[in-house]
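> Build the 3D model from these lines:
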Amino acid sequence: MTWVILTGRKGDLDETATPYKIITNRDYLTHPSLFRGQLPKIINLSSSYAYQSRGYYASLLASSRGHRVIPSVETMIDLSARKLYENSLPELEQALNRCRAELGGAFPSSVGVFFGIGPSKAWERFARLLFDWFRAPALEVSIKDGDWATITRIGFRPLARMSAEEKERFTACLETYTSRQWRDGKARAAARYSFATLIDPKEELPPSSIASLKHWSRVAARMGVEVEPITRKDLPRLANFDALFIRETTSISNHTYRFARRAQQEGMPVIDDPLSMIRCTNKVYLNELMAANNVPVPPTVMIAGPGDLEKAAEQLGFPLVLKIPDSSFSRGVKKASTLDELRALATKWLEDSDLLIAQKFLPTEFDWRIGVLGGEPLFAVHYLMAKKHWQIVNHERGGKPDEGGFRSFTLAETPKEVIDIAVRAARCIGDGLYGVDIKETPDGIYVIEVNDNPNLDHGCEDAGEKDTVWTKLTQWFIDRLER
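Residues are numbered from 1 along each chain as shown. The predicted model follows:
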């Protein structure tokens, strides 16, 4: 991994204080062949990021050369005017005011935040959040103190305006940001790339088991890739990896979305990307998207209030399936056999969601799950219904969820129409990894949903195509790194 630091002029940063390559932005701009064949990470410390300045063009051309750079041009534009970043202020001010107790007094008129690190531990939460919003080496936040402290300005803090003490702190933060925690010398020497895999060791139904990820790491190692597990505490060092594979159940309301967004800001290939998470999380959106692209879905009625219940009963008949838009692992999906059952369930769920969807019940003994990666089929498996239940996971027995079994298939054994429909559905979402759930019935083939965080376990989803599944996954990341 090559770190390159761009400065406005020689001497802006003490070259003896850091082991990384330091060049001026002028040299970087005028020598496009620099770092050819490499994938450096650029830290742009130009004295100005104004539109069409050298600092601006350095980040712009870094992007065109395939180099990962902070700050990006998007960040420069975001911070060029308050109206462009004011949507971040409520969350930032909330985090800022939580710092007051630890600071033990009034806020200063301004604070410097370097690589998401504040001047003391009391600033830690605020500084990290600021770095989440604006990926920049050095930021200055102007504060108006009061019963509720407010942020009056967020701007860049150039090296030329730093005191000697600030420069010393900045250099220490730079070292922290670019430091690397390697597992061992062999991995460091052999790996071309290092992929972070976000896990929660305590998750009850993780999309991949620890054993499966260890298997992937062995396959990836043969391709020159180191796979390292990380947890939610590792967000500050995410940029030290080349790619991110999220193996926790995703939600746009928890840290998995923050990780995906951070990876995207860093220019890292990521599964799952934020847009896929947004699109797949909501079943209302999925149903509209599939219908608009002529992908077959079960007959569906939107429920926006009690007045839609009789319409759903008339059009779909009973039993029917009622779904909360944002749900996973068969949670928030119930079968209603009568209008009274439908009314009671919908009344309860409409307290928390303005929209529900009702779908025609399609009884089958299994669901097809077709894995699609980069717009191409990856694996095929039958998920069997849980014992004496109509879903593949039964949450109604209490205690540990009861899961049905599975049967794996090679792609060649899988009906062509099932694969074709799955690929069409996944391509509506994006270019990542998706699990398309399909019901094959006498009346036709229907897409039930597209999952952005599909299960991928050794011995199950890969049983048909074997290690080809893991090889294709690794290659997907490598291809996007080397474009």
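> Which residue ranges of the stretch 351-483 of the chain form helices?
Under the criterion DSSP state H, counting those that start in this stretch, the stretch 351-483 of the chain contains helices at 416-429, 468-481.
> Run through the stretch 201-350 of the chain and note the low-pLDDT ranges.
Residue ranges of the stretch 201-350 of the chain with pLDDT under 70: 327-331.
> Tell me if I'm right that residue 322 and residue 358 touch.
Yes - under the criterion of Cβ atoms under 8 Å, residue 322 makes contact with residue 358 at 5.3 Å. C-beta here means a position set from N, CA and C on the backbone, and glycine is covered the same way.
> and these two? which has more neighbours close in?
Legend: neighbour count by other Cβ atoms under 10 Å for residue 322 and residue 358, higher for residue 358 (26 against 23).
> thought that one was touching residue 310?
No - using Cβ under 8 Å, residue 358 is not in contact with residue 310; the gap is 11.2 Å.
> now the spatially most central residue of the chain: how far from residue 457?
In the chain, the centroid-proximal residue (Cα atoms, centre = their mean) is residue 260; its distance is 2.1 Å. Going from residue 260 to residue 457 by Cβ to Cβ, to the nearest Å gives 21 Å.
> what does residue 383 give?
Computed as Cβ to Cβ, the residue 383 to residue 457 distance reads 12 Å.
> Which one's more surrounded, those two?
Legend: neighbour count by other Cβ under 10 Å for residue 383 and residue 457, higher for residue 383 (22 against 18).
> List the beta-bridge partners for that one.
Bridge pairing for residue 383 (DSSP bridges) gives the partners residue 367, residue 406.
> Check it and give its pLDDT.
Residue 383 carries a pLDDT score of 89 in this model.
> Likewise for the one 3 residues further on?
In this prediction, residue 386 carries a pLDDT score of 63.
> just to revisit the earlier point, so which of the helices of the stretch 351-483 of the chain gets nearest residue 214?
helix 468-481 (11.2 Å; Cβ to Cβ).
> residues in contact with residue 128?
The neighbours of residue 128, taking Cβ atoms under 8 Å, 6 or more residues apart in numbering as the test, are 116, 235, 236.
> Using neighbour counts, trim these to the buried set.
Among the contacts of residue 128, those scoring as buried are 116, 235, 236 (criterion: 16 or more other Cβ atoms under 10 Å).
> out of those, which are inside strands?
Using DSSP state E to define strands, no part of those is located there.
> can I get these in TSV with distance to residue 72?
Converted to TSV, the buried ones among the contacts of residue 128 look like this (distance: Cβ to Cβ, whole Å):
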residue	distance to residue 72
116	15
235	18
236	18
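> Which of the residues you listed sits closest to residue 214?
The nearest member of these to residue 214, counting by Cβ to Cβ, is residue 235 at 22.9 Å.
> Identify the residues contacting that closest one.
The contact partners of residue 235, by Cβ under 8 Å, 6+ apart, come to 128, 132, 255, 258, 259, 262.
> Sort out which one of these lies nearest residue 467 for me.
Residue 467 has its nearest neighbour among the contacts of residue 235 in residue 259, at 26.7 Å by Cβ to Cβ.
> ok so, going back, distance check, the residue nearest to the centre of the chain against residue 479.
Going from residue 260 to residue 479 by Cβ to Cβ gives 19 Å.
> Which helix or strand contains residue 245?
Using DSSP states H and E, residue 245 sits in strand 243-246.
> Which stretches in the stretch 151-300 of the chain count as helices?
Along the stretch 151-300 of the chain, the stretches classed as helices by DSSP H, counting those that start in this stretch are 164-178, 185-190, 210-221, 255-265, 274-281, 283-292.
> Which of the three states applies to residue 301?
strand (DSSP: H, G, I helix; E, B strand; the rest coil).
> In contact with it, which residues are there?
308, 311, 312, 315, 316, 357, 358, 359.
> any idea how far residue 446 is from it?
Residue 301 is 15 Å from residue 446, by Cβ to Cβ.
> Please compute how far stretch 294-308 lies from its chain's middle.
Computed by Cα atoms, centre = their mean, to the nearest Å, the chain-centroid distance of stretch 294-308 equals 29 Å.
> Quick check: which ranges of the stretch 351-483 of the chain have low pLDDT?
In the predicted model, the stretch 351-483 of the chain carries pLDDT under 70 at residues 386-404.
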